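whatever this is, show me its structure:
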Amino acid sequence: MAPLLTEMPSDRLDALIKHPFHRENGERLVDLIRDLRQCNSAEDFVAFQRELLHATLAANLARAERSRVIKRLRKGQSLPADAPDLIVGDPHDLEDWRLESDVLERVARQLRSIGDAMAWRAFRYDRRYILTLRRNESPGPMTLSKEGTVHEIQFAEQQWREHGRFALLHDITNCLRIGDVTVFHDRNEDEQDVLLYELKANPRRRESAQLTRTRLAANALHTGGPLPGADKAVLVETGVPYATHLSALGDAFARAHQDGLKTMRVPGQRGLLALDIVAAGNRWGEQEATQQFHSSYTALLRRMRLTGQIISFSSGDSAARNTMAPPWGIYPLQPAQCAGLIADVLVFSVTLSADNFIEELRKTGLNANWVLPDGAEMGPAQPVVTVEGHGRRVTMARAGIEQLMLELTDLRAWADGMEQLLRKGTAGWQPWPYFIDEHKVWV
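Here you go, the predicted structure:
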């Protein structure tokens, strides 16, 4: 697995971000996001997916070719006769090949993030489908060397050719991990049939676990049954319209593009810091830009007078890593800003304090308590907040807090949703809430 950006030395990080493959893909991301926002018909989505598929397969093939070279060099063997051209560096230097492989891993992941954006748009921003179909392990890189991939692509083309329907390939995304293909049949402007397929290249081969997950997913979406997995989870409709303060993020990035960085307060006692890495570097240089970042962040915390535990989440290096999070490509920002978030040349962080967060929730009449021990790591399953009402209690872990932070969710709307969730919840089941009218938030 390629290292996180935060784990890289500064010189290697600089080389990765400035690599021609990475810069070229950054430009392509802007065009892809702009094109995706024009997709409305099945024909539009089919053409878009073909373009994304071509780029994805090419990136994965290029990385596989470099992995083969790396294995030979690691064993002390010579370069293979059919080795690809190394774009930057010495062809006999193992580390230069590793750098290029890491770049291509990021490129492929950025393209998967676009695949996630395509999925959210195709599902009309209905979070239920993402919450349900994410609940499985990643299938790994999409490549034509897999028999199943070829079969799935052929099936998608057949659906368009014979029925005029768009068939979304799950492996081109990060967030869709149950089933192989989703076929969309638009009945009218407001209604569509969504058909989930588990395909087999060999019809005699049956994989009961995959088929069981697919059936559970379909039942969860259409009849309210349990979600796939062993954690006894179920979807719960809050009936509350979703609301955010993401307009503040667009304003912050516009100012950061001019000044390098921008800090501001966001409703819900949250502090927002937006950084344009290129603009900051041009204005101050790398070293001073880092100092400006830390001093601005410190000043923001001082202005907000936060008490209790301080919690902060950042957008950095997160493209196509979190299966639950809306992809940057659908954020209500300019295409170039969305692309900047995917490529990590734009970064934002959101900060709150435990005390202010609990105070905001208690204003709505909910009994909320911050249970994360001081100094404890906020792991995926670590309890962070308990919320009680109507004789029931739900516990929030990292995912719920991260959503509130990075989506700049309106806390009153969220609290109203939690009140409804507690009212409707079933004892012994883990509820996964979803809000209504979410499509009005995204692009």
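
ok, the residue lying closest to residue 381 once chain neighbours are set aside - contacts?
With CB to CB, 6 or more residues apart in numbering as the criterion, residue 381 has its nearest non-adjacent residue at 5.7 Å, and that residue is residue 397. C-beta: built from backbone N, CA, C; applies to glycine. By CB atoms under 8 Å, 6 or more residues apart in numbering, the contact list for residue 397 reads 380-384.

contacts for stretch 27-35, please.
Contacts to stretch 27-35, defined as CB under 8 Å, 6+ apart, come from residues 48, 51-52, 55, 110, 114, 117, 329, 335-336, 338-339, 342-343.

show me how to select, in ChimeraX, the buried members of those residues.
Buried residues among those (16 or more other CB atoms under 10 Å), as a ChimeraX selection:
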select :48,52,55,110,114,117,329,335,336,338,339,342,343
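
please narrow the contacts of stretch 27-35 to those residing in strands.
In strands, judged by DSSP state E, none of the contacts of stretch 27-35 are found.

out of the contacts of stretch 27-35, which comes closest to residue 424?
residue 117 (30.6 Å; CB to CB).

contacting residues for that closest one?
Counting by CB under 8 Å, 6+ apart, residue 117 has contacts 33, 36, 327-330.

now it: how far from residue 438?
Distance check for residue 117 against residue 438: by CB to CB, to the nearest Å, it reads 14 Å.

what do you get for residue 351?
25 Å.

which residues touch residue 182?
So residue 182 contacts 122, 133, 167-168, 170, 176, 194-197 (CB under 8 Å, 6+ apart).

can you list those in JSON lines and add secondary structure and pLDDT?
Conversion of those to JSON lines gives the following (DSSP: H, G, I helix; E, B strand; the rest coil; pLDDT from 0 to 100):
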{"residue": "122", "secondary structure": "helix", "pLDDT": "97"}
{"residue": "133", "secondary structure": "helix", "pLDDT": "97"}
{"residue": "167", "secondary structure": "strand", "pLDDT": "98"}
{"residue": "168", "secondary structure": "strand", "pLDDT": "98"}
{"residue": "170", "secondary structure": "helix", "pLDDT": "98"}
{"residue": "176", "secondary structure": "coil", "pLDDT": "97"}
{"residue": "194", "secondary structure": "strand", "pLDDT": "94"}
{"residue": "195", "secondary structure": "strand", "pLDDT": "94"}
{"residue": "196", "secondary structure": "strand", "pLDDT": "95"}
{"residue": "197", "secondary structure": "strand", "pLDDT": "94"}
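
surely residue 107 and residue 61 touch.
No. Using CB atoms under 8 Å, residue 107 makes no contact with residue 61, being 11.7 Å away.

using CSV, list the CA coordinates for stretch 398-406.
Once non-C-alpha atoms are left out, stretch 398-406 reads as follows in CSV (Å, rounded to 0.1, in the frame of the first residue of the first chain):
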residue,chain,number,x,y,z
ARG,A,398,-15.7,8.6,14.6
ALA,A,399,-17.7,8.3,11.4
GLY,A,400,-20.6,10.4,12.8
ILE,A,401,-18.4,13.1,14.1
GLU,A,402,-16.4,13.3,10.9
GLN,A,403,-19.6,13.7,8.8
LEU,A,404,-20.7,16.6,11.0
MET,A,405,-17.3,18.2,10.6
LEU,A,406,-16.3,17.8,7.0
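
where along the chain do the strands fall?
Counting by DSSP E, the strands of the chain are 166-169, 181-186, 192-197, 233-241, 261-266, 270-276, 310-314, 346-353, 367-370, 385-389, 392-396, 430-436.

okay, the angle between the last one and strand 233-241?
Between strand 430-436 and strand 233-241, the angle formed by their directions is 30 degrees, by axes from the mean of the first three to the mean of the last three CA atoms, to 10 degrees.

same question for the second one.
For strand 181-186 and strand 233-241, the angle between their directions (the same axes, to 10 degrees) works out to 30 degrees.

buried residues in strand 181-186?
Those would be 181-184, for strand 181-186 by 16+ other CB under 10 Å.

and these as CSV, adding pLDDT?
Formatted as CSV, these follow (pLDDT from 0 to 100):
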residue, pLDDT
181, 97
182, 97
183, 98
184, 97
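
distance of residue 280 from residue 40?
Residue 280 is 37 Å from residue 40, by CB to CB.

these two: which has the busier surroundings?
Counted by other CB atoms under 10 Å, residue 280 and residue 40 do not tie: residue 280 has more neighbours, with 21 against 11.

domain-wise, how is the chain divided?
As recorded under automatic domain parsing, the domains making up the chain are 5-230, 241-440.

next, the distance between the ends of the first one.
With CA to CA, to the nearest Å as the measure, the ends of domain 5-230 fall 33 Å from one another.

angles on the backbone of the residue nearest to residue 381, please.
When read as degrees, to the nearest 10, the backbone of residue 397 gives phi -110, psi -160.

quick one: it from residue 425, how far?
Residue 397 is 16 Å from residue 425, where distance means CB to CB.

in contact with residue 69, which residues?
Counting by CB under 8 Å, 6+ apart, residue 69 has contacts 79-80, 83-84, 97.

make CSV from these and add pLDDT, neighbour count and distance to residue 310 to it.
CSV is the format used below for these (pLDDT from 0 to 100; neighbours: other CB atoms under 10 Å; distance: CB to CB, whole Å):
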residue, pLDDT, neighbour count, distance to residue 310
79, 94, 13, 51
80, 92, 13, 52
83, 94, 16, 50
84, 96, 16, 47
97, 97, 26, 41
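
what's the farthest-apart pair in the residues you listed?
Pairwise across these, and taking CB to CB, the largest span is found between 80 and 97, at 11.8 Å.

my guess is residue 400 contacts residue 386. True?
No. Judged on CB under 8 Å, residue 400 makes no contact with residue 386 at a distance of 11.3 Å.

contacts only, for the residue nearest to residue 33 when sequence neighbours are not counted.
Nearest non-adjacent residue to residue 33, counting by CB to CB, 6+ apart: residue 335, 4.2 Å away. By CB under 8 Å, 6+ apart, residue 335 lies in contact with 30, 33-34, 37.

of those residues, which is the most crowded?
Busiest of these [other CB under 10 Å] is residue 33, holding 26 neighbours.

and the gap between it and residue 343?
11 Å.

do residue 3 as well
The value you get for residue 3 to residue 343, if CB to CB is used, is 17 Å.

got it, and residue 4?
15 Å.

and if you look at residue 142?
Distance from residue 142 to residue 343, by CB to CB: 20 Å.
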